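Student: Curious how this folds, go ahead:
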Amino acid sequence: MSKKANIVIVGAGFGGIEFVKALHRKPVEVLLIDRNNYHNFQPLMYQVATGGLEPSSIAYPVRRIFIDYKNFSFRMAEVTEVDIAKNKVLTSIGTIDYDFLVIASGSENNFFNFESVKDELLPLKSVPDSLKLRNHIFRNLERAMASDQKDSVEKYMNIAIVGGGPAGLELAGALAEMKKYIIPREFPGLDLSKMSINIYESGSELLGNMSEEASVKSLEYLKALGVNVFLNTRVKSYDGSTIELNDGTHFITDSVIWSAGVRGSPIKGFPESTIVDGNRIAVNEFNQVLETENVFAIGDVAACITSEYPKGLPMLAPVAQRQGAFLAKNIVRKIENKPMEPFQYHNKGVMATIGRNKAVVDLPHYKFQGVFAWFIWMFVHILSLAGYRNKIITFIDWVINYFSYARPLGVILISTKAKETKQHQEKKEEVKV
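Tutor: Modelled structure (predicted):
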């Protein structure tokens, strides 16, 4: 009996999960490596951050997803480097050999020229990020309640969101609903007239990758919710308490949520010639890394450049999912000495939600907004969650929240930002003096 091909895939995101599913019962051995032991449903992280869902609703154990897969194994480890010449992957648990390697390591925050102050910002790229943001929001509300006239209440209550993409808008909508329905009940002593939720977008419109109709309608929704939207506005600097904008104006806040963009998160070891704009790995029409034979990349980390997408395919979950399923079939074809088939991406639609009964949906031949779009958004996201329990629990939580605006998850569990430890230490030293 011939030895089964050993396929190693790095990353348990959307692309990685679909890749493994497509290899079920195929004559190969699949090893999935990820730094976390769970698959994270990123589109709903903003709901964890605002207390609408538990982390367990959007995170599902990888081993449990593939519990019945006989040709699958998983290792929780950090991949540090790839040795393409020797067909080896260097990890925190040792060196692993492969016959075929698939990189699905996703993306990371792109802080641009704010790299030096990134510890002062609040990103939303992981489950820990969402928990930190949740804790930070509720901790600041408690601080605002306890502050006296010497403190600036606005500093704790104001929230700035940098970036007008889907993540920023969805978070802004959830925060605006908290301000209107939740905070007045739980913090009745707060003067909410001193709380501003601002979105800063450097471009001329929101949801730049969606239609003009979606952009216009989302702006209308946000304004109706009381969110201040600043277009053609670039954040120039942030010192931990004050934002300075390109027009010279300032905004006092302790909460700057960063959703201004992402970049690829490639692994060390690839030739510099294969790393293109956006820090992504260049691949051909077969998702094969340029200058390699048995190494592939899919999802956000991969740049499949076409005439329609000169900067690479969009960094969206549906792209990664389709690439993963298609690549699995291609690798099987390659093992069977059959020619691989080129991958073609057909956009089946994008959507975003901006609060209850407010969503925008762009389909290839039809665009719509409002309540129906919101129900479509809910239906698609519930079906996309991993595990029946997560689907059921999320649906129940959404139904309860729909009728009662109940967001009960406001428990402060951990420290939220590194500077809080520093501030606490400084106060202790002042007391000693």
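Student: Show me the strands in the stretch 1-150 of the chain, by range?
Tutor: 5-10, 28-34, 38-40, 59-61, 72-76, 79-83, 88-91, 94-97, 100-103, 107-109, 122-123 (DSSP state E, counting those that start in this stretch).
Student: deepest of those, which one?
Tutor: Neighbour counts (mean count of other Cβ atoms under 10 Å) averaged over each of the strands of the stretch 1-150 of the chain peak at strand 100-103, with a mean of 26. C-beta here means a position set from N, CA and C on the backbone, and glycine is covered the same way.
Student: mind putting the strands of the stretch 1-150 of the chain in CSV, distance to M157 included?
Tutor: Below are the strands of the stretch 1-150 of the chain laid out as CSV (distance: least, Cβ to Cβ, whole Å):
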stretch, distance to M157
strand 5-10, 42
strand 28-34, 38
strand 38-40, 30
strand 59-61, 30
strand 72-76, 39
strand 79-83, 42
strand 88-91, 44
strand 94-97, 49
strand 100-103, 43
strand 107-109, 25
strand 122-123, 15
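Student: okay if I get the ones you listed as CSV plus mean pLDDT and distance to I183?
Tutor: Below are the strands of the stretch 1-150 of the chain laid out as CSV (pLDDT from 0 to 100; distance: least, Cβ to Cβ, whole Å):
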stretch, mean pLDDT, distance to I183
strand 5-10, 98, 42
strand 28-34, 98, 37
strand 38-40, 95, 28
strand 59-61, 93, 27
strand 72-76, 98, 38
strand 79-83, 97, 42
strand 88-91, 98, 45
strand 94-97, 97, 49
strand 100-103, 98, 43
strand 107-109, 95, 28
strand 122-123, 96, 18
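Student: Can you get me a residue count around V162?
Tutor: 26 (other Cβ atoms under 10 Å).
Student: per-residue pLDDT, it?
Tutor: Looking at V162, its pLDDT reads 97.
Student: Confidence-wise, which helix or strand of the protein is lowest on average?
Tutor: Ranking every helix and strand in the chain by mean pLDDT, DSSP states H and E puts helix 418-432 at the bottom, with a mean of 48.
Student: hang on, the earlier thing: wait, which of the strands of the stretch 1-150 of the chain is closest to D362?
Tutor: strand 107-109 (21.7 Å; Cβ to Cβ).
Student: Give me the sheet partners of the closest one and which way each runs.
Tutor: strand 262-264 (antiparallel) (DSSP bridges).
Student: And the next helix or strand past the strand it pairs with?
Tutor: strand 275-276 (DSSP states H and E).
Student: so what does that following strand touch, helix or strand wise?
Tutor: Other helices and strands packing on strand 275-276, by 3 or more Cβ pairs under 8 Å, 6 or more residues apart in numbering; DSSP states H and E, are strand 280-283.
Student: Outside of the helix or strand just after the strand it packs on itself, list whatever touches it.
Tutor: The C-terminal neighbour of strand 280-283 among helices and strands, as given by DSSP H and E, is strand 295-297. When contacts are defined by Cβ atoms under 8 Å, 6 or more residues apart in numbering, strand 295-297 is touched by residues 82, 84, 100-104, 266, 281, 283, 286-289, 327, 331.
Student: List the buried residues for the helix or strand that contains T394?
Tutor: Element membership for T394 (DSSP H and E) is helix 388-404. Within helix 388-404, the residues scored as buried using 16 or more other Cβ atoms under 10 Å are 390-391, 393-394, 397-398, 401.
Student: Mind giving me the packing neighbours of it?
Tutor: Partner elements for helix 388-404 (3+ Cβ pairs under 8 Å, 6+ apart): helix 371-384.
Student: what is the rounded mean pLDDT of the helix it packs on?
Tutor: pLDDT averaged over helix 371-384 gives 91.
Student: got any ranges where this protein has weak pLDDT?
Tutor: 1-2, 148-151, 402-410, 414-433 (pLDDT under 70).
Student: residue ranges for the helices of the stretch 201-350 of the chain, please.
Tutor: 212-224, 317-335 (DSSP state H, counting those that start in this stretch).
Student: and of these, who's closest to Q369?
Tutor: Among the helices of the stretch 201-350 of the chain, helix 212-224 sits nearest to Q369 (Cβ to Cβ), with 4.4 Å.
Student: for the residue lying closest to W377 once chain neighbours are set aside, what are its contacts?
Tutor: Excluding its sequence neighbours, the residue lying closest to W377 (Cβ to Cβ, 6 or more residues apart in numbering) is A359, at 4.5 Å. The contact partners of A359, by Cβ under 8 Å, 6+ apart, come to 351-353, 369-370, 373-374, 376-377.
Student: cool, F74 as well?
Tutor: Applying Cβ under 8 Å, 6+ apart, the residues contacting F74 are 31-34, 37, 62-63, 66.
Student: still on that earlier bit, can you tell me which of the contacts of strand 295-297 is closest to F251?
Tutor: For these, the nearest to F251 is P266 (35.0 Å; Cβ to Cβ).
Student: what about the closest one, how many residues close to it?
Tutor: P266 has 22 nearby residues by other Cβ under 10 Å.
Student: ok, now K236?
Tutor: 14.
Student: The one 3 residues further on too?
Tutor: The local packing of D239 (other Cβ under 10 Å) involves 9 other residues.
Student: What of E336?
Tutor: Using other Cβ under 10 Å: E336 sits among 8 other residues.
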